[in-house]
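Asker: Pasting a predicted model and its sequence here:
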Amino acid sequence: MKLSKLFAPTSKEAPKDAVLPSHIFLVRGGFIAQIGSGIYNYLPLGKMVLDNIRRIVKEELDKAGNQEVLLGFVTPSQLWKESGRYERFGKELLRFKDRKENEFVLGPTHEEAMVDLVRNRVKSYKELPLNLYQIHTKFRDEARPRYGLLRGREFIMKDGYSFHESVEDMQREYALMEETYGKILDRLGLTYRVVEADSGAIGGSGSKEFMVLAENGEDDIVICEGCDYAANIEAAKRAAKVIDKSDVEMTPGPFHTPGVKTIEALAEFFKISEDFLVKAVAKKAIFEDHEEIVLFFVRGSDTLQETKALSVTGALELVDATEAELEAAGLVPGYIGPDAENVTVYVDEELRDEAPMICGANREDYHYVGYDFKGKPFTYKDLITVQEGDRCAKCGGKLTLTKGIEVGHIFQLGTKYSEALGATFLDRNGKARPFVMGTYGIGVSRLVAVVIEQHHDEKGCIWTEETTPFDIMIIISNIKDEAQRTFAETLYEKLQDAGKRVLLDDRSERFGFKMSDFELFGFPKGVIVGKGLKEGKVEIVDRKTLSKTAVDTETVFDKLMES
RNA sequence: CGGAGUGUAGCGCAGCCUGGUUAGCGCACCUGGUUUGGGACCAGGGGGUCGAAGGUUCGAAUCCUUUCACUCCGACCA
């Protein structure tokens, strides 16, 4: 390809809203261009990267025995109503009607559609297992799209769905997918961790996320320094905190604490560690058919993990409760304790049998000192957010927090969707049973940006070997110099014939301009054909290190073929 | 969805408050020339429904109303 013919408009200026390197360089390098909020066009270079990633994903999945299909992007709402997600998915699901007033959705994920494809077509255990995937556009009407390709509304995802006759077989496939995803990310040249995750709106019994480690990641992940434990903050567990109670004594009873409403104030008032306080977090839980106030109690030094909290309630969402709503429920804001009546109460697991504690007395201006959880029949659940420095539940090692970008997520789904949609097969005994399913996703378009988040410098992109659109860029320093042009064009032809993907910068621009574009594009190798040609020399530039090596014109071809 | 902004040439912006010639500037673009190892220079040139609709006015980019889009902070987010 000749750069003079390539549609790759580069620019010195980045869009003013671009803050992440991937966003800035992909736009400046002419890889992508925004067309609407959270919607991007792929220009030739961006499309090449996307195709590379898509190809790697496909190769590895096919090797693992998966089969590619392509489902309709527009999905009849009926399917979503059958699974119950039409209501549950919320506003992210873009709904619309056709000219006949029939309702449709733009698929944000395709569990329903894939189950529909398989039901009544796969009828016997003999046809199982089956793992079908597609690499397709998705649409989620994100409340706030940002960060370029990292959080768009329209994006490209690989989504796979497996069907099995037993949980054991599904778990075998789940393990195979974990391995396969690892191979894919390795080939892309990414550093990642597999972490335990919350299953969220998809549901199911277990899930893991593939997190690419990056400073600008949106997800907090917990990593153990001592073993391989790693988890999303939303799902992370720790060894129960050990509290030193040696010099704490309390005489049980109510205590007058006027105006002391926060944990900090309470710790100050009693001159005691927050470890001995009970923090009440009140939320309004919204269910499909009603709303109610729910109370969560955690140790004063802990914070509520909202994803865990949401999951124990089974509600659609949790929102902050207003003081008026709390009072209406018979609660006293600032003095709420676990013995509150007529509301649903969840207590953190680590407070089971804990004593002595200080908690709200459910009475204006009073706390209860010396509270004992022993024998209290609360519903105890894991509710806390793991903090930096907590101890690993697996090995006792120190837990640290880091940032990651989610690029893959695998789920042990079970029979949730097959049951809801009535998708069954006949088992070995001739009995109809719902498929046991797994589901597996990779953010293909997100990966385009992720590669850059992990591989860039202040000048621009640095593509990895398998993602780069071109292997080599030949830069003709002075296009008016006949010798330079002839040599470069000959080399260009030769490398192409030898199977290299080569871009020839034959533009009539100045040297500095072309070098800047080379650095911005980020192809692994550059060849500068310039003033050294008179002495029989050209230079090979390594994009990663930006180091230049003078090479004889005789040997440059072989040198380039080596790498 | 709450709060706050911005829409003027491909991009970045000034002009608006205080209405009044032909709406400017930088970059980019086109032509000619000089230049060619780190985003050059000289000369000439093209490009605008001032986001849209309505209103006030002799006169609107500028004032008013409505609307749309985009962005930022937050909430939200397989």
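Answerer: Cool, got the structure.

Asker: When you work out contacts or count neighbours from here on, use the C-alpha atoms and nothing else.
Answerer: Fine.

Asker: Break chain A down into its domains, please.
Answerer: As recorded under automatic domain parsing, the domains making up chain A are A:21-237+A:401-453, A:253-381, A:472-562.

Asker: For the ones you listed, please prepare JSON lines with the additional fields mean neighbour count.
Answerer: JSON lines is the format used below for those (neighbours: other C-alpha atoms under 10 Å):
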{"stretch": "domain A:21-237+A:401-453", "mean neighbour count": "19"}
{"stretch": "domain A:253-381", "mean neighbour count": "18"}
{"stretch": "domain A:472-562", "mean neighbour count": "18"}
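
Asker: Give me the pLDDT for residue A:333.
Answerer: Residue A:333 carries a pLDDT value of 88.

Asker: wait, doesn't it sit right on residue A:327?
Answerer: Yes. Using C-alpha atoms under 8 Å, residue A:333 is in contact with residue A:327, at 7.3 Å.

Asker: what about residue A:404, helix or strand, and which?
Answerer: Assigned by DSSP states H and E, residue A:404 belongs to strand A:399-414.

Asker: partners of that strand, with directions?
Answerer: Strand A:399-414 pairs in its sheet with strand A:206-213 (antiparallel), strand A:219-224 (antiparallel), strand A:436-443 (antiparallel), by DSSP bridges.

Asker: hmm, the helix or strand following the second one touching RNA strand B?
Answerer: Where DSSP H and E defines the elements, the next helix or strand beyond strand A:219-224 is strand A:230-232. No. Using C-alpha under 7 Å from any atom of the strand, no contact is recorded between strand A:230-232 and RNA strand B, whose separation bottoms out at 9.9 Å.

Asker: now strand A:230-232, how far from the centre of its chain.
Answerer: Offset of strand A:230-232 from its chain centre (C-alpha atoms, centre = their mean, to the nearest Å): 12 Å.

Asker: in the stretch 401-550 of chain A, what residue is nearest RNA strand B?
Answerer: Nearest residue of the stretch 401-550 of chain A to RNA strand B: residue A:512, at 2.8 Å (C-alpha to the nearest atom of the strand).

Asker: packing partners for the helix or strand harbouring that residue?
Answerer: Assigned by DSSP H and E, residue A:512 belongs to helix A:511-521. Under the contact criterion of 3 or more C-alpha pairs under 8 Å, 6 or more residues apart in numbering; DSSP states H and E, helix A:511-521 touches strand A:472-476.

Asker: neighbouring strands for the particular helix or strand that has residue A:298 in it, and are they parallel or not?
Answerer: In the assignment (DSSP H and E), residue A:298 maps to strand A:291-299. Strand A:291-299 has the following strand partners under DSSP bridges: strand A:278-286 (antiparallel), strand A:344-348 (parallel).

Asker: All the helices of the stretch 251-400 of chain A, residue numbers only.
Answerer: Along the stretch 251-400 of chain A, the stretches classed as helices by DSSP state H, counting those that start in this stretch are A:263-270, A:306-313, A:323-328.

Asker: how about JSON lines for those helices, with distance to RNA strand B added?
Answerer: Formatted as JSON lines, the helices of the stretch 251-400 of chain A follow (distance: least, C-alpha to the nearest atom of the strand, whole Å):
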{"stretch": "helix A:263-270", "distance to RNA strand B": "20"}
{"stretch": "helix A:306-313", "distance to RNA strand B": "7"}
{"stretch": "helix A:323-328", "distance to RNA strand B": "17"}
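
Asker: got those helices as CSV, with mean pLDDT columns?
Answerer: Shown next, in CSV, are the helices of the stretch 251-400 of chain A (pLDDT from 0 to 100):
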stretch, mean pLDDT
helix A:263-270, 92
helix A:306-313, 88
helix A:323-328, 85
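
Asker: May I see these organised as TSV, with distance to residue A:472 added?
Answerer: Shown next, in TSV, are the helices of the stretch 251-400 of chain A (distance: least, C-alpha to C-alpha, whole Å):
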stretch	distance to residue A:472
helix A:263-270	60
helix A:306-313	47
helix A:323-328	64
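
Asker: which stretch among the ones you listed comes nearest residue A:414?
Answerer: Distance to residue A:414, taken as C-alpha to C-alpha, is lowest for helix A:306-313 among those, at 17.4 Å.

Asker: Residues contacting the closest one, please?
Answerer: A:198, A:200, A:234-235, A:285, A:296, A:316-318, A:381-384 (C-alpha atoms under 8 Å, 6 or more residues apart in numbering).

Asker: Hmm, which of those residues is lowest in pLDDT?
Answerer: For those, the least confident entry is residue A:200, with 61.

Asker: Got the confidence number for the closest residue to residue A:223 other than its chain neighbours?
Answerer: Leaving aside its chain neighbours, residue A:223 sits nearest to residue A:230 (4.5 Å; criterion: C-alpha to C-alpha, 6 or more residues apart in numbering). At residue A:230 the predicted local distance difference test score is 91.

Asker: distance of residue A:230 from residue A:464?
Answerer: 26 Å (C-alpha to C-alpha, to the nearest Å).
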